[in-house]
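Engineer: Sequence unavailable; structure follows:
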Ligand code: ADP
């Protein structure tokens, strides 16, 4: 199971060693007004082969969590196990590839030279041509790194992260600076890599990115996990949907009694229904009021989810809830 020459464990062995486990992780930073409690007790395990999104607004603690699981920051409390090893051991064995938010590319090298240089640092790397192929870089492999577009640069950074042939790939907000096309390309490449049976954890503050590219979303706010489940479930919890329709003759109190409707209001000829189950509501609405028209259903936003799950809008102030508790 373990290659004696490289100390590397193969994919199957990595799987039996249980993927990723974070237990009771805590981390504070020193701030001008006292400690900033960035991560306040996180327990999570991610099975080998799973693609999970760490979802949350800026300041939620996603990067701090990622830094701890990569061994770049030391937790104040709790433990991290990556395929049964410490983060440092897992990284040294070439089991972990990472693409962090910051970091440029070495200039004046070709894309191929840079990827080959990175490959040479690892015990059991991916073939360089394969890494270029997987990331759609073959055609521009001869280009100098400082001449690349934003999307191409991110794909090179992705190639550098996977050329060690990792079992776990960690991406911290990888598409922040990309346009729509760049994002689409990037996530397509990521999903191709994940489909090889790899474990992927990526941080994002976009619900849509989590929904489209992960099996599971782990929702963080104020340094804690506030929801964790299949992205479909998180979306359903993300709150109510709003159903609008033109319907002059219905009174709001009977509309509020329709199945799946939590509350109803009238604005002129339009009715606005706040729905806990919009599928049920629309069926019932059309059955009882066939004249309803111009129907629109609008989904909940991530901001709504935070309101619902944490009982407050995310202020970006990690200690805001602490102050409130203190004031009670
Ligand atoms: P996210 O990745 O979800 O945006 P971070 O983990 O970067 O969240 O930040 C969590 C909290 O910790 C924020 O309040 C941030 O300002 C603070 N923080 C992060 N890194 C540092 C640091 N090096 N020094 C002080 N405070 C930090």
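Structural biologist: Looks like it arrived, so ask away. Source: prediction; values computed, not measured.
Engineer: Could you grab the helix/strand/coil label for the residue lying farthest from the centre of the chain?
Structural biologist: Here the chain reaches farthest from its C-alpha mean at residue 249, the gap being 44.9 Å by C-alpha atoms, centre = their mean. Put simply, residue 249 is coil when judged by DSSP: H, G, I helix; E, B strand; the rest coil.
Engineer: isn't it right up against residue 291?
Structural biologist: Yes - the criterion here is C-beta atoms under 8 Å, and residue 249 meets it with residue 291 at 7.3 Å. From N, CA and C alone the C-beta is placed, and that goes for glycine too.
Engineer: How about the contacts made by the residue farthest from the centre of the chain?
Structural biologist: 289, 291 (C-beta atoms under 8 Å, 6 or more residues apart in numbering).
Engineer: where does it sit relative to residue 135, distance-wise?
Structural biologist: Distance from residue 249 to residue 135, counting by C-beta to C-beta, to the nearest Å: 59 Å.
Engineer: Provide a list of residues in contact with the closest residue to residue 64 other than its chain neighbours.
Structural biologist: Once flanking residues are discounted, residue 64 sits nearest to residue 38: 4.2 Å by C-beta to C-beta, 6 or more residues apart in numbering. Residue 38 is in contact with 27-29, 61, 64, 223, 318, counting by C-beta under 8 Å, 6+ apart.
Engineer: Distance to residue 102, pLDDT and secondary structure for these - can I get that in TSV?
Structural biologist: As requested, the contacts of residue 38 are exported to TSV (distance: C-beta to C-beta, whole Å; pLDDT from 0 to 100; DSSP: H, G, I helix; E, B strand; the rest coil):
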residue	distance to residue 102	pLDDT	secondary structure
27	19	98	strand
28	22	97	strand
29	17	96	strand
61	17	95	coil
64	14	97	helix
223	21	93	coil
318	21	42	coil
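Engineer: Just the buried ones among those, please.
Structural biologist: Neighbour counting with 16 or more other C-beta atoms under 10 Å marks 27-28, 61, 64, 223, 318 as buried within the contacts of residue 38.
Engineer: For residue 236, give me the pLDDT.
Structural biologist: According to the predicted model, the pLDDT of residue 236 comes to 66.
Engineer: can you list the domain ranges for the protein.
Structural biologist: Per automatic domain parsing, the structural domains of the chain span 11-235+309-325, 239-299.
Engineer: Residue 52: which element?
Structural biologist: In the assignment (DSSP states H and E), residue 52 maps to strand 51-55.
Engineer: about what we covered before: just the closest of the buried ones among the contacts of residue 38 to the ligand, please.
Structural biologist: residue 64 (3.4 Å; C-beta to the nearest ligand atom).
Engineer: got a list of what the closest one touches?
Structural biologist: By C-beta under 8 Å, 6+ apart, the contact list for residue 64 reads 27, 38-39, 73, 223.
Engineer: same for the ligand: which of these are within range?
Structural biologist: Near the ligand, judged by C-beta under 6 Å from any ligand atom, the entries from those are residue 38.
Engineer: can you give me the strands for the stretch 1-150 of the chain?
Structural biologist: Assigned by DSSP state E, counting those that start in this stretch, the strands in the stretch 1-150 of the chain fall at 20-31, 34-46, 51-55, 77-82, 96-99.
Engineer: Tabulate these in TSV, adding columns for distance to residue 186.
Structural biologist: Shown next, in TSV, are these (distance: least, C-beta to C-beta, whole Å):
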stretch	distance to residue 186
strand 20-31	22
strand 34-46	21
strand 51-55	14
strand 77-82	24
strand 96-99	10
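Engineer: Report the beta-bridge partners for residue 297.
Structural biologist: Beta-bridge pairing for residue 297 (DSSP bridges): residue 243.
Engineer: which stretches of this protein have low pLDDT?
Structural biologist: Counting by pLDDT under 70, the chain has low-confidence residues at 1-18, 235-239, 300-328.
Engineer: if we go to 50?
Structural biologist: Of all residues in the chain, those with pLDDT under 50 make up the ranges 1-9, 11, 13-16, 314-328.
Engineer: okay, which residue is most central for it?
Structural biologist: Closest to where the C-alpha atoms of the chain average out (C-alpha atoms, centre = their mean) is residue 53, at 2.7 Å.
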